[in-house]
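Chemist: attaching a predicted model along with its sequence, questions to come.
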Amino acid sequence: MAKKKKNTDIQPEKAAEVIDINITEVLETNYMPYAMTVIVSRAIPDIDGFKPAHRKLLYTMYKMGLLTGAKQKSAKIVGQTMVLNPHGDASIYETLVRLTTGKSALLHPFIESKGTFGKQYSDMVYAASRYTECKLAPIAEEIFDGIDKDAVDFMDNYDSTTTEPIVLPTSFPNILVSPNSGIAVGMASDICSFNLVEVCEATIAYLNNEHITVDQLLEILKAPDFSTGGLLVYNREKLYEIYSTGRGSVKVRAKYSYNKANNCVEITEIPYTTTIERIKDAIVKQYKEGKIKDITDIRDEIDLSGLRLTIDFKRGADYEKTMAKLFKSTSIEDDFRCNFNILIGGIPRVMGILEIIEEWCAFRIECLRRTYIFDLGKKTDKLHLLYGLKEILLDIDKAIRIVRSTENDKDVVPNLMDGFGIDEIQAEFVADIKLRNLNREYILKRIDEIEQLEKDIEELKGLISSDRKIKNRIIKQLRAISEKYGIPRKTLIVYEDEIEYIEPDEEIEDYPVTVFLSREGYFKKCTLASLRGNDVQKFKENDELMFSEETSNAAEILFFTSNAQVYKAKLCDFDDQKASNLGDYVAAKLSFDDGEKVAAAIVLKEYEGQIVLFFENGKAVRIPTKSYKTKTNRKKLTGAFYGGSNLIAAYKTGTAPEYLMLSDNSRALLVKEKQIAEKATRTSFGSAVFTLKKNQNVISVVPYDKSTKNLIKESRYRKSSLPSSGAVFEDYDPEINQQTLLSD
């Protein structure tokens, strides 16, 4: 018989219901809980200086008895931590690794380790948890001070099978001692580490004077300190900003020495934010690209003694210039960007150092007060029991008779209460005393504790009611911690003016050029080839030539402006142009301030000799050219020259033996260069040269060399002593006059 065919018709699925929901409602109900969880429970540290993952791990190790016991396998610790942290063994072990002495990521690691845990300064991998062992370091004792005495609140773990502390009652400002970094949703946190001794001293200073200023704080808490060492480039203004706002950056550079015998540089400390592999890869890349040519080899020589990266140089190579280039182009000099974002009462706040210390002190005062309240309760209970025991001392035999004559066990306590006038708790305590202890010696020994307990209780009551007394206790603890665990700074401080910045030689194509600057501030660089056959310069309407000079493409140019500032630029930064072009507008090219204009320009190949400055008020000065030389590659110099009067002209000394000055009332004066006062300070106005009447000004200053120019009555304009009012300008020869007035 044929089998009955099954019904294979497929019923169409019912389409899902589409519900229109406002996007803001979806974000509020779905995304916001996730965002807040990441912020509060994962990425941002609390005032104790720990993220939840750190706290869960350390508390688990504390409960395992690893503060005093022997080291245990990391795998076991990770497994125990999963009772509080369900995010998996890999992430827990990674957290453990960062807190170990082996990793050296912290100035004061909280976990003593045995095995391979990698290094902060290297990308080397750490061993699996089954091969490594660890326990809590001695300093970890300070982060659990009072945790068993109700110092902090506890909460249920993820499945409500046990409890864990919301924060740890750290007895020093760990938030500033241990570095932290985390990325949350819409915010991040980057906290650098500071030296423990300096942090304790700064906190003590705040506890003694809550009105301490940031400037005073900078004298105590000098700068960040990193576990990888290095040299911190001290900039007080930047540190002031960080200490005040919690945002900013500090510059850290590698520490190296030159081995003359082997012609190599040995780098022994690097910035906290980089690794030796990253540095090595960057140097190798630049060598392959031909940007660095003086290096023959680079070796990673990390061993048991620590970090060492060796760079070999060619014979005769200038290692300082090569290192200067590497400081600029690799992470052997790097910035640590600070963003002191911390959870305060479950709310993220970006705070300066003083605010952080203030919040920690308030937190610590509350922890100690809760500890003292706990101790007070315990001592009060004990005193209450001893008061009951004291009543028994009056007639021990009576107590024994009451117990012996009582037929039912449940009646012993009531009978003792009636016989001696004590309460139930005291009677229970007396009833539980062993028979061997019902003697006068034992009871007297216990009663002797009453006097000390009464003193302790009074002291605790005084502490609980007085913030000042608690602060004194905190100061005492901080001094003890500083003395016990303090270490010298690892990151040494160098001041910017102590660092000799050597500008690396850039491979600049050098060739002859002629530069032109118009009075409206248009600048162009022309090659000799472009000027052949077409040297007519193009200017905007009502504009004219202010300055021109034949030089080379490798030279630098200084633009003196109407705001008493100087902008430095390299000619190679400007494109070659034709004479028919207007050129680059300097104010836009170099980002002048609003309304700022070019007043003069000077081309330099070396910062030697002097510069002569002439001002509208008739003053002039000679200042050293080297005063405009900078160790850093700064392009803008403020307060670059005297700002009390408009600058009319600037020339290099030796441009001409004399200068012809013209005033707006048609008077002229020939001034010899050697008559102009020399000053060492670039903001000096020198001395008066041209005497002017009220509301009169100098309008033009041009070099005068009689071998190329010749005034008909030049002797009239020379004066043996200065200042002088000069003489009426009467040289009206059109050709000479035009040449004199318009030449630069």
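Modeler: That came through, no problem. Numbering: from 1, shown residues only.

Chemist: switch to C-alpha atoms for all contacts and neighbour counts from now on
Modeler: Fine.

Chemist: which residues in the stretch 201-350 of the chain form strands?
Modeler: For the stretch 201-350 of the chain, the strands defined by DSSP state E, counting those that start in this stretch occupy 231-234, 247-253, 255-259, 264-269, 295-300, 309-313, 333-339, 341-344, 347-350.

Chemist: buried stuff in the host helix or strand of Q426?
Modeler: Using DSSP states H and E, the secondary-structure element containing Q426 is helix 424-431. Burial within helix 424-431, assessed by neighbour count using 16 or more other C-alpha atoms under 10 Å, is assigned to Q426, A427, E428, V430, A431.

Chemist: what is it packed up against?
Modeler: helix 353-393, helix 412-420 (3 or more C-alpha pairs under 8 Å, 6 or more residues apart in numbering; DSSP states H and E).

Chemist: if we can go back for a sec, looking at the buried residues of helix 424-431, spot the one nearest K619.
Modeler: Q426 (98.7 Å; C-alpha to C-alpha).

Chemist: okay, now the unreliable bits of the stretch 51-200 of the chain?
Modeler: Counting by pLDDT under 70, not a single residue of the stretch 51-200 of the chain qualifies.

Chemist: hang on, the earlier thing: Throw the buried residues of helix 424-431 into CSV and include distance to C134 and pLDDT, thanks.
Modeler: Listed next are the buried residues of helix 424-431 as CSV, based on distance: C-alpha to C-alpha, whole Å; pLDDT from 0 to 100:
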residue, distance to C134, pLDDT
Q426, 46, 87
A427, 48, 86
E428, 45, 87
V430, 46, 83
A431, 47, 83
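
Chemist: from those residues, which two are the most distant?
Modeler: The largest separation in the buried residues of helix 424-431, counting by C-alpha to C-alpha, is between Q426 and A431 at 8.6 Å.

Chemist: mind putting the strands of the stretch 201-350 of the chain in CSV, distance to P512 included?
Modeler: Output for the strands of the stretch 201-350 of the chain, formatted as CSV (distance: least, C-alpha to C-alpha, whole Å):
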stretch, distance to P512
strand 231-234, 39
strand 247-253, 38
strand 255-259, 38
strand 264-269, 38
strand 295-300, 32
strand 309-313, 33
strand 333-339, 36
strand 341-344, 55
strand 347-350, 55
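
Chemist: closest to C361 out of the ones you listed?
Modeler: For those, the distance to C361 is smallest for strand 341-344, at 12.6 Å, taking C-alpha to C-alpha.

Chemist: now the closest one: how far from the chain's centre is it?
Modeler: 17 Å (C-alpha atoms, centre = their mean, to the nearest Å).

Chemist: quickly list what the residue lying closest to T625 once chain neighbours are set aside is bridged to.
Modeler: Nearest non-adjacent residue to T625, counting by C-alpha to C-alpha, 6 or more residues apart in numbering: Q610, 4.8 Å away. Beta bridges link Q610 to P624 when assigned by DSSP bridges.

Chemist: wait, doesn't Q610 sit right on I623?
Modeler: Yes: using C-alpha atoms under 8 Å, Q610 is in contact with I623, at 5.4 Å.

Chemist: re the thing from before, now render the strands of the stretch 201-350 of the chain as JSON lines, adding mean pLDDT.
Modeler: Converted to JSON lines, these look like this (pLDDT from 0 to 100):
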{"stretch": "strand 231-234", "mean pLDDT": "94"}
{"stretch": "strand 247-253", "mean pLDDT": "94"}
{"stretch": "strand 255-259", "mean pLDDT": "93"}
{"stretch": "strand 264-269", "mean pLDDT": "94"}
{"stretch": "strand 295-300", "mean pLDDT": "92"}
{"stretch": "strand 309-313", "mean pLDDT": "94"}
{"stretch": "strand 333-339", "mean pLDDT": "94"}
{"stretch": "strand 341-344", "mean pLDDT": "94"}
{"stretch": "strand 347-350", "mean pLDDT": "92"}
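
Chemist: count the neighbours of the closest residue to I77 other than its chain neighbours for me.
Modeler: With sequence-adjacent residues excluded and distances taken as C-alpha to C-alpha, 6+ apart, I77 is closest to M61, at 6.8 Å. The tally of other residues near M61 (other C-alpha atoms under 10 Å) stands at 21.

Chemist: how is M61 assigned, secondary-structure-wise?
Modeler: On the three-state scheme (DSSP: H, G, I helix; E, B strand; the rest coil), M61 is labelled helix.

Chemist: more neighbours, Q610 and I623?
Modeler: Taking other C-alpha under 10 Å, Q610 and I623 do not tie; I623 has more neighbours (26 against 19).

Chemist: need the contact list for that one.
Modeler: Counting by C-alpha atoms under 8 Å, 6 or more residues apart in numbering, I623 makes contact with Q610, I611, V612, E678, K679, A680, T681, R682.

Chemist: leaving out chain neighbours, which residue sits closest to V199?
Modeler: In space, V199 is closest to L221, 6.3 Å off (C-alpha to C-alpha, 6+ apart).

Chemist: correction: L343
Modeler: Among residues not flanking L343 along the chain, D46 sits closest, at 4.6 Å (C-alpha to C-alpha, 6+ apart).

Chemist: ok so, going back, now render the buried residues of helix 424-431 as JSON lines, adding distance to S193.
Modeler: Shown next, in JSON lines, are the buried residues of helix 424-431 (distance: C-alpha to C-alpha, whole Å):
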{"residue": "Q426", "distance to S193": "53"}
{"residue": "A427", "distance to S193": "56"}
{"residue": "E428", "distance to S193": "54"}
{"residue": "V430", "distance to S193": "55"}
{"residue": "A431", "distance to S193": "57"}
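
Chemist: nice, that's everything, thank you.
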